[in-house]
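Peer 1: A predicted structure for the sequence below; I have some questions about it.
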Amino acid sequence: MPDPGWWQALWPRPGDTLEELGISPDAEVVDLCCGDGLFTIPLARSTRHVTAIDLDPAMLALARDRAYADSLTNCAFAAGDAYDVATLVQARVDWVLIANTLHGVPDKTRLVSAVAAVLKPGGRLAVINWHRRPREQTVVLGRPRGPDTALRMTPGELAAAVSPAGLRAIRTIELPPYHYASVFEKPPRT
């Protein structure tokens, strides 16, 4: 996990990004691979409930500390592997957010299938990803940042990884300077 200084430089207003995704105030949300809570905290401020999950207990503790410092009480925190999201989250949710991490997941289809299992019918997955640009071109605070160029995914590659889980792409939005977000929906009940 990179230092928070450059995350803050990339995402000075993470709440605006969440609003652009269309996450509603009455939503139950999972922030999967939450890191230090960059998106967890604005999610808690703007939705009914957020469950933050991360594999790294130290990162999860930072997210928890940030929530407590803001007196946020609508958060739950779970340490565990993202593949185990269905056992870490007891009820189905409206949204799952995966920010800046799906590119490094070895078995993307397995993870997205686990996510699909915790979504309510009509629930949505939002994935924030780095555009497929050479790492040398994604400079933040004077240094190249982000994953190796080979790990970066185009929106089409992301959609191809997500579609086997039965989620359909509904929109992709630009998140300048180096990111995009794709939103996928679980089919509603028929």
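Peer 2: Happy to help now that I have it.
Peer 1: show me where this structure has helices.
Peer 2: 4-10, 14-21, 40-46, 57-69, 85-88, 108-118, 155-162 (DSSP state H).
Peer 1: most tightly packed of those?
Peer 2: helix 40-46 (a mean of 23; mean count of other CB atoms under 10 Å). Where you see a C-beta, it was placed from the backbone N, CA and C, and this is true even at glycine.
Peer 1: who touches that one?
Peer 2: 14-15, 18-19, 23, 25, 29, 31, 34, 50, 52, 63, 66-67, 70, 72, 74-75, 97 (CB atoms under 8 Å, 6 or more residues apart in numbering).
Peer 1: how much space between the closest residue to Leu119 other than its chain neighbours and His179?
Peer 2: Distances taken as CB to CB, 6 or more residues apart in numbering place Lys186 nearest to Leu119, at 4.4 Å, with adjacent residues excluded. Lys186 is 23 Å from His179, where distance means CB to CB, to the nearest Å.
Peer 1: do Thr154 as well
Peer 2: 13 Å.
Peer 1: those two: which has the busier surroundings?
Peer 2: Shown here are Thr154 and His179; by other CB atoms under 10 Å, His179 has more neighbours (19 against 12).
Peer 1: which residues touch Asp81?
Peer 2: Contacts of Asp81 by CB under 8 Å, 6+ apart are Leu55.
Peer 1: cool, and Glu136?
Peer 2: Pro144.
Peer 1: and the gap between it and Gly146?
Peer 2: Look at Glu136 and Gly146: by CB to CB, they are 10 Å apart.
Peer 1: which residue is nearest the centroid of the chain?
Peer 2: Ile98 (1.9 Å; CA atoms, centre = their mean).
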